[in-house]
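Trainee: I would like the atomic coordinates for the input below:
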Amino acid sequence: MKMTAETRSNLARIALMLGVYLIFASRIPSYYSMAGVAALLDGAVLAGIIAIGVGLTMIAGEMDLSVGSMAAFAGILSIKFYAFGILPAFLLVILVCAVIGAIQGYCIYRLNISSMVFTIGTLIALRGLTLVISQEKTALIPFEDIAQTDILSTKFFIFSIPSIILLLLVLLVDFLSRRTLWGREVFAIGGGRSEARAAGVSMKRPIVLIFSLSAALAGLAGALLSIKSGSASPLGFEAVVLEAVTACLIGGIALSGGRGSIPGILIGLFTIRFLVSGIAALGAPFWMQSLATGALLIVVIIGEAVIRHVVRRRKFALSAQPAA
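Mentor: You can find the predicted model right below:
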């Protein structure tokens, strides 16, 4: 059975991820202990869940930059809703964020405006709204109720409930993106808007749904981390969008749209987490994490560009050969 280009690409990314892991595991004994692996999984939850939604918008040729503010907004809401119980709090937060995301997606579709410009505006507006509803203070779960959040820290072998949710979401969203009409529409509009319109593909449905899903996932991530820690800051999660977008790019999502996969995002995410956590564990200064992540991203992008150039030249050379 012939291996697809996407499979070859993901295998190369897995090799890179394992290479980064093994480099640090050889220097840090805790890296391959159960506790160390569990900590790595937990550290990937916030950016991972958000990266799934951001990756979908990128595949569609769009970009959601409001996810950091959405996660902070959801964190404050989850603490406010906690009096109804953990599960109702999660469901209410996800519903509110999904509605906001759907409105955002509809406005982007209807106004035919750049999603990057629009979501920057949403980022600022949500940050202000979060400060208003929190009264510019960190929201706290009442001390007498804090023990109820311990369930989110319970370990099942190396997995916690948040890390299990991350892995289940990867499987679910990957299935939806590959096996449903909506998923095919997302790839179609990302691959070429004019061609998609000519083929009768709806623009409204996929755009509204991807922004609704992106907001809902950002809300879930913000609520998970806030309830687990028992507190939420109105200015939290500001930098998460950078890690999410970087994970998508290293995972093979094209900025131009139409190319990439959800498992690839997970591979990119863990490549970053292994790199950043390893550098931190070795006691390197904080700026080294950003420098190394940026360097890794540049190497991956240049490597991909070189490979695509070689493949195009090879195809051109083969097509130019006269038939025997």
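Trainee: residues touching residue 154, list them.
Mentor: Each residue near residue 154 by C-beta atoms under 8 Å, 6 or more residues apart in numbering is listed here: 160, 161. Placement of C-beta: from N, CA and C, glycine included.
Trainee: Tell me the pLDDT of it.
Mentor: What the model reports for residue 154 is a pLDDT of 87.
Trainee: next one: residue 322
Mentor: 60.
Trainee: try residue 298
Mentor: pLDDT, read off for residue 298, is 88.
Trainee: Just give me the neighbour total for it.
Mentor: Counted with other C-beta atoms under 10 Å, residues neighbouring residue 298 total 10.
Trainee: where do the helices sit along the stretch 101-250 of the chain?
Mentor: For the stretch 101-250 of the chain, the helices defined by DSSP state H, counting those that start in this stretch cover 115-134, 161-179, 181-191, 193-198, 204-229, 240-250.
Trainee: Measure how the helix or strand hosting residue 68 sits relative to helix 240-250, angle-wise.
Mentor: In the assignment (DSSP states H and E), residue 68 maps to helix 67-81. Helix 67-81 runs at 130 degrees relative to helix 240-250, counting by axes from the mean of the first three to the mean of the last three C-alpha atoms, to 10 degrees.
Trainee: Mind putting the helices of the stretch 101-250 of the chain into TSV with mean pLDDT and distance to residue 150?
Mentor: Below are the helices of the stretch 101-250 of the chain laid out as TSV (pLDDT from 0 to 100; distance: least, C-beta to C-beta, whole Å):
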stretch	mean pLDDT	distance to residue 150
helix 115-134	94	24
helix 161-179	94	11
helix 181-191	91	37
helix 193-198	85	48
helix 204-229	95	9
helix 240-250	93	24
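Trainee: Would you format those as TSV with mean neighbour count included?
Mentor: Output for these, formatted as TSV (neighbours: other C-beta atoms under 10 Å):
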stretch	mean neighbour count
helix 115-134	18
helix 161-179	16
helix 181-191	20
helix 193-198	12
helix 204-229	26
helix 240-250	24
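Trainee: May I see those organised as a markdown table, with distance to residue 37 added?
Mentor: Below are those laid out as a markdown table (distance: least, C-beta to C-beta, whole Å):
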| stretch | distance to residue 37 |
| --- | --- |
| helix 115-134 | 34 |
| helix 161-179 | 10 |
| helix 181-191 | 31 |
| helix 193-198 | 42 |
| helix 204-229 | 19 |
| helix 240-250 | 18 |
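Trainee: For residue 96, find the nearest of these.
Mentor: Nearest to residue 96, of all the helices of the stretch 101-250 of the chain, is helix 204-229, at 7.1 Å by C-beta to C-beta.
Trainee: so what secondary structure elements neighbour that closest one?
Mentor: On a contact count with 3 or more C-beta pairs under 8 Å, 6 or more residues apart in numbering; DSSP states H and E, helix 204-229 meets helix 45-59, helix 67-81, helix 86-111, helix 161-179, helix 181-191.
Trainee: redo that, cut-off 7 Å
Mentor: Under the contact criterion of 3 or more C-beta pairs under 7 Å, 6 or more residues apart in numbering; DSSP states H and E, helix 204-229 touches helix 45-59, helix 67-81, helix 86-111, helix 181-191.
Trainee: Can I get stretch 111-120 in PDB, CA atoms only?
Mentor: The C-alpha trace of stretch 111-120 is given here as PDB (Å, rounded to 0.1, in the frame of the first residue of the first chain):
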ATOM      1  CA  LEU A 111     -18.900  41.500   6.200                       C
ATOM      2  CA  ASN A 112     -16.300  39.600   4.100                       C
ATOM      3  CA  ILE A 113     -13.700  41.000   6.400                       C
ATOM      4  CA  SER A 114     -10.200  39.600   7.300                       C
ATOM      5  CA  SER A 115     -10.600  37.300  10.300                       C
ATOM      6  CA  MET A 116      -7.300  38.400  11.700                       C
ATOM      7  CA  VAL A 117      -8.500  42.000  11.800                       C
ATOM      8  CA  PHE A 118     -11.900  41.100  13.200                       C
ATOM      9  CA  THR A 119     -10.500  38.700  15.900                       C
ATOM     10  CA  ILE A 120      -8.000  41.300  17.100                       C
END
